[in-house]
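Enquirer: The sequence isn't on hand, but the structure is:
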């Protein structure tokens, strides 16, 4: 134990970071991320086995629509809850849940309208999928706020275990449905309904009656959460626009290949993004207008970039073997996977910088950066339409370029606008 403490002390001084905090809490988040990655692979494997390429592409497109309408569930409130709980503030979680569910009805209206349109044009499968989203959306996110509450209290173990149980039941439900029905719409129903029911159980298991009735700081959290949501709306649209563009402009089959090309990169980016998640409670108590604090952060980012570049090099060696072995019918996605892998470098840096603005209460800055990225992506997509000739490899380059531009914009705001 003494040797471990000495090693921890040495690492903390060497990289200028509280490594004991990272190891103690990060192990839970890494464990959850690993389990989520494995379950995601199993779901994808089951769906690519029992569904056609076009059906899998339609399923992935519907998940992108779900991600967009989830904006109406006020996702920014989760970040606001972590920040407020970490600062010791008392909240009315019952009121927060009701507010989330009421705002979600706007998303229900959007999804239902799209559903009725596809019913009208005769696409019953897509219409049914969107109707499922419309009906379940109000409950799908409101009951999951126990997660940011526990993370704000730095109880990463409890939150990770409960999220792991949710993921396990989700995975089991989707796989059984795929085997029995081979119907992507019913697989979507299994995915959403199982999560909602388990979240409902953990919601009431986490919050006792007193916790649900605490009042003082709730309105402030809702206000700040709504501001963050407006930012997240632009970010979410930016993250899903590429999938919707491919589905509409090229086709569902190409979207299926693109989704497989993104599976490993997004998973690896998720692993390396855990440190920014751990950083938010600590960042909330720092003065980020201080030049010294900014310089320390940028130095850490430079060191992290070198480690992430090595991460990417290893990925390049592994990805073709992985796709050929796990998804043999999707080998066409390998060239695109080389390019999409760049997100393992850019995503963690982006998110670390984002936590600084969240912790500083500067929602307006993140909003401006998000708009810059969305406009950049729009310009890149217009360029692709002109020069791309439906090349999946060229299209895969758009997201890394957008991220690199976003990082440059974030650093500029950090240095000159905080």
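Expert: That came in fine, so what should we check first? Predicted model, so just to flag it, every value in this text is computed and none were measured.
Enquirer: what comes up buried for the helix or strand containing residue 137?
Expert: Applying DSSP states H and E as the criterion places residue 137 in helix 124-140. Neighbour-count burial for helix 124-140 flags 126-140 (criterion: 16 or more other C-beta atoms under 10 Å). C-beta coordinates here come from the backbone N, C-alpha and C atoms, glycine included.
Enquirer: Distance from whatever helix or strand comes next after that helix to the middle of the chain?
Expert: Going down the chain from helix 124-140, the next helix or strand is helix 146-152, by DSSP H and E. Helix 146-152 has its C-alpha centroid displaced from the chain centroid by 16 Å (C-alpha atoms, centre = their mean, to the nearest Å).
Enquirer: Show residues contacting helix 146-152.
Expert: Helix 146-152 has contacts (C-beta atoms under 8 Å, 6 or more residues apart in numbering) with 77-79, 81-86, 91, 93, 156, 158-159, 162-163, 199, 202-203, 206-207, 277, 281.
Enquirer: tell me, which helix in the chain spans the most residues?
Expert: helix 291-326 (DSSP state H).
Enquirer: quick one: average pLDDT of that one?
Expert: On average, the pLDDT along helix 291-326 is 87.
Enquirer: Next, the buried residues of that helix.
Expert: Using 16+ other C-beta under 10 Å as the test for burial, helix 291-326 gives 293, 294, 297, 301, 304, 308, 311, 312, 315, 319, 323.
Enquirer: pretty sure the first one contacts residue 299?
Expert: No - shown here, residue 293 and residue 299 do not form a contact pair, counting by C-beta atoms under 8 Å, at 11.0 Å.
Enquirer: show me what contacts the residue nearest the centre of the chain?
Expert: Centroid check for the chain by C-alpha atoms, centre = their mean gives residue 270 as the closest residue, at 8.0 Å. Listed by C-beta under 8 Å, 6+ apart, the contact set of residue 270 reads 33, 36, 37.
Enquirer: do residue 64 as well
Expert: So residue 64 contacts 240, 243, 244, 247 (C-beta under 8 Å, 6+ apart).
Enquirer: Give me the mean pLDDT for the strand or helix carrying it.
Expert: Residue 64 belongs to helix 53-69 when assigned by DSSP H and E. In this model, helix 53-69 has a mean pLDDT of 92.
Enquirer: Give me the buried positions along that helix.
Expert: If you call a residue buried by 16+ other C-beta under 10 Å, then helix 53-69 has these buried ones: 53, 55-66, 68-69.
Enquirer: gap between the closest residue to residue 283 other than its chain neighbours and residue 288?
Expert: Closest residue in space to residue 283, ignoring its immediate chain neighbours: residue 359 at 3.5 Å, by C-beta to C-beta, 6 or more residues apart in numbering. Separation of residue 359 from residue 288 (C-beta to C-beta, to the nearest Å) stands at 7 Å.
Enquirer: Could you do residue 335 as well?
Expert: For residue 335 relative to residue 288 (C-beta to C-beta), the value is 41 Å.
Enquirer: where in this structure is pLDDT low?
Expert: Along the chain, segments meeting pLDDT under 70 span 1-26, 28-29, 208-217, 231, 271-282, 284-285, 363, 388, 418.
Enquirer: could you say which helix or strand contains residue 386?
Expert: helix 363-387.
Enquirer: One more: residue 161?
Expert: Using DSSP H and E, residue 161 falls in helix 156-181.
Enquirer: Report the distance from that helix to the chain centre.
Expert: Centre to centre, stretch against its chain (C-alpha atoms, centre = their mean), the figure for helix 156-181 is 17 Å.
Enquirer: What residues sit buried inside it?
Expert: 156-164, 166-167, 170-171, 173-175, 177-178.
Enquirer: likewise stretch 327-337?
Expert: For stretch 327-337, by 16+ other C-beta under 10 Å, it's 327, 330, 332, 333, 334, 336, 337.
Enquirer: just checking, the second one touches residue 45?
Expert: No - assessed by C-beta under 8 Å, residue 330 is found out of contact with residue 45, at 10.8 Å.
Enquirer: Does residue 55 touch residue 181 like I think?
Expert: No - assessed by C-beta under 8 Å, residue 55 is found out of contact with residue 181, at 11.7 Å.
Enquirer: Do a quick rundown of the strands in the stretch 201-350 of the chain.
Expert: Counting by DSSP state E, counting those that start in this stretch, the stretch 201-350 of the chain has no strands at all.
Enquirer: can you give me the helices for it?
Expert: 209-213, 218-249, 252-272, 274-283, 291-326, 334-340, 343-359 (DSSP state H, counting those that start in this stretch).
Enquirer: does residue 72 really touch residue 137, like I thought?
Expert: Yes - the criterion here is C-beta under 8 Å, and residue 72 meets it with residue 137 at 7.5 Å.
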